[in-house]
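> Take this sequence and fold it.
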Amino acid sequence: MIDYTKKGALIVTTTLPLVEWLLSLNTHNRKLKSSNVDLLSSEIKAGRWKLTNQGIGITKDGRLVDGQHRLEAIKKAGFLPVEIVVVTGLDDGAQAVVDKHSKRSQADVIKLLMNRSVSSQMVAAANVMLRVRSGQSGFYMDTSLASDFAVADLVAEHSDAFDLIMPAVGSKTRAGVCAALVEYGIRYDVDAAVEFAEKIKTGLSLGANDPAYRLRRWIEHYSKANGGKQQADSYGATVTACIADARGESLSLLRISGSWDRLPKYVRKWVK
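Modelled structure (predicted):
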């Protein structure tokens with residue numbers, strides 16, 4: 001096995017005996033977060049594991065001080081062989097320093113993956129979209145965070161919709177509303193979604209039964225509500241307003257939709 005008494009760093013390919021041995025050194029770590037393990041495990045199974053400078057840290061007296069979630073994820077993925085960095089010979093106080101380090105936000109990670117600017121609001125909207133798409137019925141949302149790669153893939157696939165609609169929405173708009181507006185642009189028409197988002201944000205010259213006005217009032221009324229259900233409700237309410245906007249219908253009462261079924265097919269209006 002690896003000589004952990006000497007200071008050094010090496011890149012190794014994991015095996016079942018190696019991972020089990022490293023986990024046997026895991027005696028003084030923080031409580032394991034199963035959601036992190038599940039997320040990393042799914043990335044390994046999907047073949048999206050990447051070798052980075054972050055890896056496994058072992059003190060000179062043989063204690064694992066960094067990397068327990070990575071190791072548990074490799075174990076859960078069936079000990080598939082992946083490359084990891086193992087740093088040995090660390091001082092006993094290394095764990096305290098590691099635990100104080102600031103964790104990158106998901107937006108920070110996705111910026112690195114995509115090599116482009118990605119706002120936290122955009123990432124939050126993409127998370128809601130992925131949760132809705134994975135729901136069993138209606139707009140039920142899984143509360144777990146989508147993987148970095150899944151969010152990056154969604155933003156990359158629909159970059160035009162995200163880049164045009166998100167600035168029109170406004171920086172303080174909740175993620176459920178943003179997600180539904182981007183989905184409106186994808187399913188129907190980006191220009192229509194941008195125009196609708198701007199009407200919601202400004203509220204200028206809107207009649208009492210205008211879908212944008214009704215949604216503005218709904219957002220204001222529930223501005224302080226939080227939680228997964230509220231995100232689902234804000235998404236569903238925005239869907240109702242988007243469908244009414246696409247169909248040219250007025251709304252006297254804004255109800256929460258459970259599907260996009262009534263959204264018409266977009267027919268481009270040609271100008272002679």
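> pLDDT weak spots in the stretch 101-250 of the chain?
101-104, 111-113, 115, 136-138, 140-145, 225, 227-228 (pLDDT under 70).
> was I right about L90 contacting V65?
Yes. At 6.3 Å, L90 counts as touching V65 under the criterion of Cβ atoms under 8 Å. Backbone N, C-alpha and C define where each C-beta goes, glycine included.
> hey, what's in contact with both of the two?
57-59 (Cβ atoms under 8 Å, 6 or more residues apart in numbering).
> Which ones among those lie within strands?
57-59 (DSSP state E).
> and which of these is nearest to K229?
K229 lies nearest to G57 out of the ones in strands among the shared contacts of L90 and V65, by Cβ to Cβ, at 39.7 Å.
> Next, the buried residues of the lengthiest helix in the chain.
Criterion DSSP state H: the longest helix present in the chain is helix 228-247. Using 16 or more other Cβ atoms under 10 Å as the test for burial, helix 228-247 gives 231-246.
> Same check on stretch 217-224?
Buried residues in stretch 217-224, counted by 16+ other Cβ under 10 Å: 218-219.
> ok, now stretch 72-81?
For stretch 72-81, by 16+ other Cβ under 10 Å, it's 72-77, 79.
> Let me have these in TSV, adding pLDDT, distance to P211 and secondary structure as columns.
Below are the buried residues of stretch 72-81 laid out as TSV (pLDDT from 0 to 100; distance: Cβ to Cβ, whole Å; DSSP: H, G, I helix; E, B strand; the rest coil):
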residue	pLDDT	distance to P211	secondary structure
E72	92	48	helix
A73	91	45	helix
I74	94	50	helix
K75	94	51	helix
K76	93	46	helix
A77	94	46	coil
F79	95	53	coil
